[in-house]
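[1] Quick one, structure for this:
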Amino acid sequence: MIIEEIMKTEVTVLFKEDSIADAIRLMAEKKIRHIPIVDLDQKLIGLVSDRDIKDAAPSIFRIDEHREDLLKPLETIMKTNILTGHPLDFVEEVAAVFYEHHISCLPVVKEKKLVGIVTETDLLHTLVELTGAHQPGSQIEVKVPHKTGILTDITAVISRRKGNILSILVYPDKTDENAKIIVVRVQTMNPTGIIEELKKAGHQVLWPNLPGVSS
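    Residues are numbered from 1 along each chain as shown. From the prediction side, this is the model:
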């Protein structure tokens, strides 16, 4: 999946000459936390977040004494060293950028012009869709060795039980460097039969560990 498929293309923007008060009003109206700053050609030149606003705005206890602060232009507080993405970037690569750099949004740029924005909420929604967690079903976790064809073996067992696979994830086993965990989400509310077949085939099912099902 690429970023173009999940990014918001109707992006609320402001110009560097707009005031901090303008940004506060827009964030409240649109219920957003980030506003890209562009020039007249829609080229990205900065980014303002709710944290930037909080740091720059006067305390609510002294707002009458410093109202002029709210009239300062956004160029005085906007970040200019901005990480950006491209519409054809892969979602998982962008998620890694969020993780590594501790950011909560990523403007998407094509030919130097702003074409979209991705937030951590967008990534969370995408994760839910990719894992099938929003659909009724059961999750089965199997510990397997690093071995060619092991995933085919797992899916073959599920297929024989007429199980409909919603999603498959694979991640390292933190307790065993020679193993990995395969997480399969199956469209059934009763995975007992599949689990029994997996165990009969010699696979180590970690979850669910159902009572009465032999290990």
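
[2] Show the average pLDDT along the helix or strand that contains Tyr99.
    Assigning secondary structure by DSSP states H and E places Tyr99 in helix 91-101. For helix 91-101, the mean pLDDT works out to 95.

[3] With stretch 168-183 instead?
    94.

[4] For it, could you pull out the residues that count as buried?
    By 16 or more other CB atoms under 10 Å, the buried positions in stretch 168-183 come out as Ile168, Lys180, Ile181, Ile182, Val183. Every residue, glycine included, has its C-beta placed from N, CA and C.

[5] which residues are in contact with the lowest-mean-pLDDT helix or strand in the chain?
    Here the helix or strand of the chain ranked lowest by mean pLDDT, DSSP states H and E is helix 50-56, holding a mean of 88. The contact list for helix 50-56, computed with CB atoms under 8 Å, 6 or more residues apart in numbering, reads Ile20, Ala23, Ile24, Met27, Arg33, His34, Asp69, Lys72, Thr76, Ile77, Met78, Lys79.

[6] How far does that helix sit from its chain's centre?
    The chain centre lies 24 Å from the centre of helix 50-56; the measure is CA atoms, centre = their mean, to the nearest Å.

[7] hang on, the earlier thing: how about JSON lines for the buried residues of stretch 168-183, with secondary structure and distance to Thr121 added?
    Listed next are those as JSON lines, based on DSSP: H, G, I helix; E, B strand; the rest coil; distance: CB to CB, whole Å:
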{"residue": "Ile168", "secondary structure": "strand", "distance to Thr121": "25"}
{"residue": "Lys180", "secondary structure": "strand", "distance to Thr121": "29"}
{"residue": "Ile181", "secondary structure": "strand", "distance to Thr121": "27"}
{"residue": "Ile182", "secondary structure": "strand", "distance to Thr121": "28"}
{"residue": "Val183", "secondary structure": "strand", "distance to Thr121": "23"}
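
[8] now the helices for this protein?
    20-30, 50-56, 91-101, 120-131, 150-160, 192-200 (DSSP state H).

[9] Distance from the chain centre to stretch 186-197, please.
    With CA atoms, centre = their mean, you get 29 Å for stretch 186-197.
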